[in-house]
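A.B. asks: Next comes the sequence, and after it the predicted model I'd like to discuss.
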Amino acid sequence: MPIPIVDSHIHLFPESHLPTLAWHGPGSPLGSQHSVDEYRLATSSISTTADTAGLTYLRGFIFLETDRISSVEEDGKGWSHALDEVSLLTRIITGAPAAGEGHHDKDRHLCLGFLPWAPVPGGSTVLQKYMDLVRERTKTDEVWKKLRGVRYLFQDKPKGVMLQDDVVEGLKWLGREKLVFDLGVDARQGGFWQLREAVEMMRRVYDGVKENEKVVMIINHLCKPNLRLPDPSPASITTHPEFLEWSSLVTAMAQYPNTYMKLSGGFSELLPVPSDPEPDIASIVERIRPWTDVVFDTFGAERVMFGSDWPVCNVGGGGNAVTWRRWKSIVESILEKRQLTDEEKRDVWGGVAVKAYGVEI
């Protein structure tokens, strides 16, 4: 029976929205349209239906906010660009594209869920006000039920933000509202203090909270570890101070049953590979294996999910024509080397994302 793949982490943006993206600037490698049409090209190596002889098929994706220009305060355009992104997702899910947006009615089934930006540091009162505006933008129950949570990136924020009382209160509010929180921190470029703060934030968020009110936190991209250590041998990696600290902090995150980890983002942390010739997949798998072993040892296959990080993955992975297929091959090899059962593989490819996000396939 073919395994449905749920790509748990993609971004979408039409070219007309580029000026509203916080990271966009002259010469940006992602400075062009990246909509569903481009995603379909990226994933063309795999069928989107179960009626094939293949072992897997792409059932759909989870959309993550794309870091729009925003602020916790509503003043001015603080929320407008993020809300416009919600309107974009509404058009994708209802199959009603605006001219030139790059998606069509036939694509509407692919978006299984979405997580917009939200002003988490504003606390529960601000979050409630913002989510009421999001509800207005979704227009229909069809779209609203696919809103599965929110994201607020901490990886580019100053020290101390994650430990603010309003952040902790905001995350507790998400738990009561049954909304997931996607956590983005960056060990390699941001620093290990981000992971340390995240661990303490989790402790405060979960302490004393009823089990059925604890927020589900889904951690992005393995916390972005440094996969560029000069000596790739396992003995060197597993004794390196950076690996040891990363491992300790990820293990601390995994102690909470409501946390999950995305097996994603690897091409952004590895040294870039060219579009041609085809890279040695086996050597990439071995280079990152110490890190992925820690993730599976601590979270277990029941709390690890596949994600591509498309289109960001294209920058280091060789481009849109090859990167998604390459990352899928890498994950396939990782799962084989872990000797996962067929059921565990099914979980990593899609079952874990379905459970954690509460989506329907």
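C.D. replies: Noted; the coordinates are in hand.

A.B. asks: Distance of the residue of the chain most remote from its centre relative to S333?
C.D. replies: Distance from the centre of the chain peaks at A235, with 29.8 Å (CA atoms, centre = their mean). Noted for A235: a distance of 21 Å to S333, by CB to CB, to the nearest Å. To be clear about C-beta, it is placed using only N, CA and C from the backbone, and glycine gets the same treatment.

A.B. asks: Then V143?
C.D. replies: 37 Å.

A.B. asks: In this structure, what residue spans correspond to helices?
C.D. replies: 36-42, 80-94, 123-138, 141-144, 165-176, 192-206, 234-237, 241-254, 266-269, 281-299, 313-317, 323-337, 342-346, 352-357 (DSSP state H).

A.B. asks: want to try TSV for those helices, with distance to G100 as columns?
C.D. replies: Output for the helices of the chain, formatted as TSV (distance: least, CB to CB, whole Å):
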stretch	distance to G100
helix 36-42	10
helix 80-94	12
helix 123-138	20
helix 141-144	21
helix 165-176	34
helix 192-206	38
helix 234-237	46
helix 241-254	41
helix 266-269	28
helix 281-299	36
helix 313-317	21
helix 323-337	23
helix 342-346	38
helix 352-357	30
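
A.B. asks: Using CSV, please lay out the ones you listed together with mean pLDDT and distance to R68.
C.D. replies: Below are the helices of the chain laid out as CSV (pLDDT from 0 to 100; distance: least, CB to CB, whole Å):
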stretch, mean pLDDT, distance to R68
helix 36-42, 98, 18
helix 80-94, 98, 4
helix 123-138, 98, 13
helix 141-144, 97, 18
helix 165-176, 98, 19
helix 192-206, 98, 21
helix 234-237, 96, 36
helix 241-254, 98, 27
helix 266-269, 98, 20
helix 281-299, 98, 29
helix 313-317, 98, 19
helix 323-337, 98, 24
helix 342-346, 97, 34
helix 352-357, 98, 21
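
A.B. asks: Grab the nearest non-local neighbour of E65.
C.D. replies: The shortest distance from E65 to any non-neighbouring residue, by CB to CB, 6 or more residues apart in numbering, is to W117 (4.1 Å).

A.B. asks: For R188, give me its contacts.
C.D. replies: The contact partners of R188, taken as CB atoms under 8 Å, 6 or more residues apart in numbering, are K224, P225, N226, L227, R228, E269.

A.B. asks: Kindly recompute the last result at 6 Å.
C.D. replies: By CB atoms under 6 Å, 6 or more residues apart in numbering, the residues touching R188 are K224, N226, E269.

A.B. asks: any idea of the pLDDT on it?
C.D. replies: Reported pLDDT at R188 in the predicted model: 98.
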